[in-house]
Structure formats: structure tokens, C-alpha cells
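> based on what follows, work out the 3D shape:
(one chain, ligands or ions: 1)
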Amino acid sequence: MADLAWIGAGETAFVCRHGHEAPLVEELHRLGAAPRPTPLPGLVAASSAAADLDPVWALQTLPRVRVLRGASVRALAEAAAEGLSERLDATEASWDWHWLLPATLRGNPRPPMQRRAGLVQAGAADWLQRRRRRLARRRVDGSPVQPAEYLAQHLLLDAETMLQSVAPCRRLAVGSSWPSPLPAGHAAVPDDPAAPASSYRKLEEGFALLGRWPAAGELAVDLGASPGGWTRVLRRYGARVIAVDRAPLAADLEADADVDARIGDAFRFEPDAPLDWLVSDIVAYPERIIELLGSLGTLAPERGVVQMKFRGDVDWAAIDTGLQTAAGQGYAARARHVFNDKNEVTIALRRAGKEAIR
Ligand SMILES: C[S@@+](CC[C@H](N)C(=O)[O-])C[C@H]1O[C@@H](n2cnc3c(N)ncnc32)[C@H](O)[C@@H]1O
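Predicted coordinates:
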């Protein structure tokens, strides 16, 4: 049975990209949440005071966990269902559930113990169906566009031990909700072996963070576009793209009639038509990205995805200044270290005052 010295009842666990636990621990220290690394890559434990925190470096939060133990699948399933019923019977809320495994946190699509987790889930569903039918009926499949009101998360640590977190989901000004409606906070990113750069994954995650994807015919500017991974993603959604870089795009994108490829300084870009999207993967110092965020009011895109990259240590002050600068330009903004980010963060932007994400 798992030795759980690293987390206690009522404490909060955060999921981050494995290998990036140190910046999350540092951020939680700054927020006064007494963080502790755990034996699981991609999981950091923190005090009960962390339950309402939304750290930039966290992909998901499991607030106020309980430790459930059971010597059989059936015992674990009953413990999970009873925990759910205790927490949710008194509400009329919709709820969703996620079933996670240690390897899920590392992005493994076929994690060990998957079969056991499936059996526990089926057992819990059966228990609810038999004993709490009304509660069972309120379960929905939440999504970034339509998240559930509550999220129940289960992390099976070994055959007999599980963490359970049942928490209300807070609606956000940018994106959908926190806890995230995505299991472990991981967005599904379709593989594209023909993409000219693997960085396309970050943009897909940026859209999931925003809870909004480009629609056919929308106009996007892609700053720092070469060789074209992001432009290709935008084109796949049917957006028309102005691609700006000092270097050229891949030949097939250059030849695309719906791509206006411009060689030049991306920081000097001036739109000649209203922009639906501004996306930027420019490699530049954070100060330059803050300047770019400071020109949002002039560029006036409806929404955006902007990377801020660091050399060496994370520049927490630059992230804060970037978010405040965007707010000063009339944009709701949220920064996140998404799964495919390296030493950088993704900033999702939405022009404020508009109706929330469609
Ligand atoms: C990480 S790459 C972008 C990759 C791109 N998103 C993709 O998926 O193919 C960063 C790009 O920023 C460009 N860049 C850096 N500073 C620039 C500037 N001032 N103006 C235009 N492009 C710039 C570089 O030429 C480089 O192509």
C-alpha cells in the first residue's frame, strides 16, 4: 500500500508538466502554500491553504483531497461513490469525473493500472446507479466549452490506494473553469507528422486554454511565424493568416492563397483589417513581449495566444507585468505553463467586455 507521508487529508495536489516541478514549487512558495515535491513526477503537494490557488505553472488542481483505501476493486469503488455522494447529494449541480493514474500525469495514453482504474470507475458508476440515481443522472461530460459545475477527480496511486478530490469549478474570465475540465489539465492535441515544427502543439493547447478555436474565414496574424507550424494549425481551422517573420515560411504555406506571408519585424506589424486573432511565438526577451501586450489596444484582436519565453530562471515579475499590461489594454488574460511549453508560458487573451467564450 502506498506510503502517503507526502500528502494529508484536506491538502491540495497540483499537476504540472513532469520535469517542471521546481518552478511550480517555487511559485507555490511565493504564494505561501507550503509546497512539497511528491514521489510522482508531475505532482506537487501543498497545504490546505492552497485550495483556491490557480498557479501559472499548474495544469490541474486537486483541491482538498481525501485518501481512500480498499483491498478490492469493489471496496475502492464503494469508497469513491460514497465520497461523491457525501459531497454532492446536497447540491443540484452538474458534475463530471476524471480517473487518473500516475503515468497519466506524464502524458502516457496507456498508463499501467488502466484496467483496474476502469473497473473501479465502472463499480462506482454501478453503485451510484443503484443507490443515488438522481446524483448519477447529474453527471455530464464536461468540456472547455461547457464545463461541469463540480469536478470529482480520482488518482489511483496503487492497487489499493486512491486520492479523491471533489470541488466546485470556478468560471474564469479567460478559458473555462478551474479545476480544469481537461483530465490532468492535458488538452488533446492531434498528431501532425507533416508539420514544419513541433511547436504547433502549444498553439492547440493555447486554444484549449482559451476554450475557443478559430472559425473558418476568421483573420489571424501569426507573429514570428517561420517555419509555419502555427500558421498551418490556423489554416487547418480555416482561418486566413497574415504570417510575419524575418525568415521565410515552408514552401507549401508560402504558396497558400489564404496565407499572406510578410518578411519583416513582427514588432512593427500594423493591421490593415480587423483581427479576430493575434498569435505570437516570437523568440524575444520578456520585455519585448510586454511591449507587444502593451499594443493590444491598437492591434485590437478579439483574442490571442502569446508566448513569453525565458532565458534561465522564470521571470515571475515579467509574467505579472504582462498580465497587468494586457488588462490595462482592455484584455482578460491568463498565463499558463502548458504541457508542451518549455521555459516559457502561454498567455491566453480575450478582449474584455465581450460575451464570454462562444
Ligand atoms: C520559435 S520560432 C516560431 C515557430 C513557429 N511558431 C512555428 O510553429 O513554426 C520563433 C520565430 O521568431 C522569429 N523572430 C524573432 N524575432 C523576430 C522579429 N523581431 N520579427 C520577426 N520575427 C522574429 C524568428 O525568426 C523565429 O522564426
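
> pLDDT wise, what is the closest residue to Lys309 other than its chain neighbours at?
Computed as C-beta to C-beta, 6 or more residues apart in numbering, the closest residue to Lys309 that is not its neighbour in sequence is Glu344, at 4.1 Å. Every C-beta, even on glycine, is put in place using the N, C-alpha and C of the backbone. pLDDT recorded at Glu344 is 98.

> isn't Glu344 up against Val306?
No - using C-beta atoms under 8 Å, Glu344 makes no contact with Val306, being 10.3 Å away.

> ok, the two, which is more surrounded?
Val306 (24 against 19; other C-beta atoms under 10 Å).

> pretty sure that one belongs to a strand, no?
Yes - judged by DSSP: H, G, I helix; E, B strand; the rest coil, Val306 forms part of a strand.

> helix or strand for the residue of the stretch 1-150 of the chain found nearest the ligand, which one?
With C-beta to the nearest ligand atom, the shortest gap between the stretch 1-150 of the chain and the ligand falls at Arg17, namely 17.9 Å. For Arg17, there is no host helix or strand (DSSP states H and E).

> what's the burial count for it?
As a burial measure, Arg17 scores 24 neighbours (other C-beta under 10 Å).

> now do the contacts for Gly328.
With contacts defined as C-beta atoms under 8 Å, 6 or more residues apart in numbering, Gly328 is in contact with Gly294.

> whoops, I mixed them up, Arg74
Gly123.

> relative to Gly83, how far out is it?
15 Å (C-beta to C-beta, to the nearest Å).

> now swap in His337 and tell me
Using C-beta to C-beta, one gets 30 Å for the distance from His337 to Gly83.

> higher neighbour count, these two?
Shown here are His337 and Gly83; by other C-beta under 10 Å, His337 has more neighbours (24 against 19).

> what's the closest non-adjacent residue to the more buried one?
Trp57 (4.7 Å).

> what's the answer for Asp52, then?
Using C-beta to C-beta, 6+ apart and skipping residues adjacent in sequence, the residue nearest Asp52 is Pro63, 7.5 Å away.

> was I right to think that neighbour contacts Ala167?
Yes - counting by C-beta under 8 Å, Pro63 touches Ala167, with 4.5 Å between them.

> mutual contacts of those two, please.
Common neighbours of Pro63 and Ala167 (C-beta under 8 Å, 6+ apart) are 51, 179.

> ok and the residue in the stretch 151-300 of the chain nearest the ligand?
Closest point on the stretch 151-300 of the chain to the ligand, by C-beta to the nearest ligand atom, is Gly229, at 2.5 Å.

> pLDDT at that residue, what is it?
The per-residue pLDDT reported for Gly229 equals 97.

> how distant is stretch 124-144 from the center of its chain?
25 Å (C-alpha atoms, centre = their mean, to the nearest Å).

> list the buried ones in it?
Neighbour-count burial for stretch 124-144 flags 124-125, 127-128, 132, 135-136, 138-140, 142, 144 (criterion: 16 or more other C-beta atoms under 10 Å).

> do stretch 165-176 as well
By neighbour count on 16+ other C-beta under 10 Å, the buried set for stretch 165-176 is 165-169, 172, 174-176.

> the residues you listed: which ones sit near the ligand?
For the ligand, no contacts are drawn from these by C-beta under 6 Å from any ligand atom.

> pick out the most distant pair among those.
Val166 and Val174 (24.8 Å; C-beta to C-beta).

> which residue is the nearest non-sequential neighbour of Arg246?
Per C-beta to C-beta, 6+ apart, closest to Arg246 is Ile263, 6.6 Å.

> picking that back up, how far away is the residue nearest to Asp52 from Asn343?
Per C-beta to C-beta, Pro63 is found 28 Å from Asn343.

> ok, the two, which is more surrounded?
Set Pro63 next to Asn343 and count neighbours by other C-beta under 10 Å: Pro63 wins out with 23 against 13.

> mind listing what the more buried one touches?
Contacts for Pro63 (C-beta under 8 Å, 6+ apart) come out as 12, 50-52, 165, 167, 179.

> put the buried members of those into a PyMOL selection.
Selection of the buried residues among these in PyMOL, burial being defined by 16+ other C-beta under 10 Å:
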select buried, resi 12+50+51+165+167+179
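
> please flag which of the contacts of Pro63 sit within strands.
Under the assignment DSSP state E, those contribute 12, 165, 167 to strands.

> any regions of the stretch 151-300 of the chain where pLDDT drops low?
Scanning the stretch 151-300 of the chain for pLDDT under 70 picks out nothing.

> tell me which parts of it are close to the ligand?
By C-beta under 6 Å from any ligand atom, the residues of the stretch 151-300 of the chain that approach the ligand are 196-197, 199-200, 224-230, 244-247, 265-267, 281-284.

> quick one: which of those residues sit in strands?
244-245.

> show me where the stretch 251-358 of the chain has strands.
259-263, 277-280, 303-309, 331-336, 344-351 (DSSP state E, counting those that start in this stretch).

> make TSV from those and add distance to Gly206 to it.
Below are the strands of the stretch 251-358 of the chain laid out as TSV (distance: least, C-beta to C-beta, whole Å):
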stretch	distance to Gly206
strand 259-263	19
strand 277-280	7
strand 303-309	3
strand 331-336	9
strand 344-351	5
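
> which one of the ones you listed lies nearest to Ala317?
Among the strands of the stretch 251-358 of the chain, strand 303-309 comes nearest to Ala317, with 11.7 Å by C-beta to C-beta.

> can you list the strands that the closest one pairs with?
Under the criterion DSSP bridges, strand 303-309 sits next to strand 277-280 (parallel), strand 344-351 (antiparallel) in its sheet.

> by contact count, what packs against the lengthiest helix in the chain?
Looking across the chain with DSSP state H, the single longest helix is helix 114-131. On a contact count with 3 or more C-beta pairs under 8 Å, 6 or more residues apart in numbering; DSSP states H and E, helix 114-131 meets helix 73-88, strand 95-100, helix 133-137, strand 150-158.
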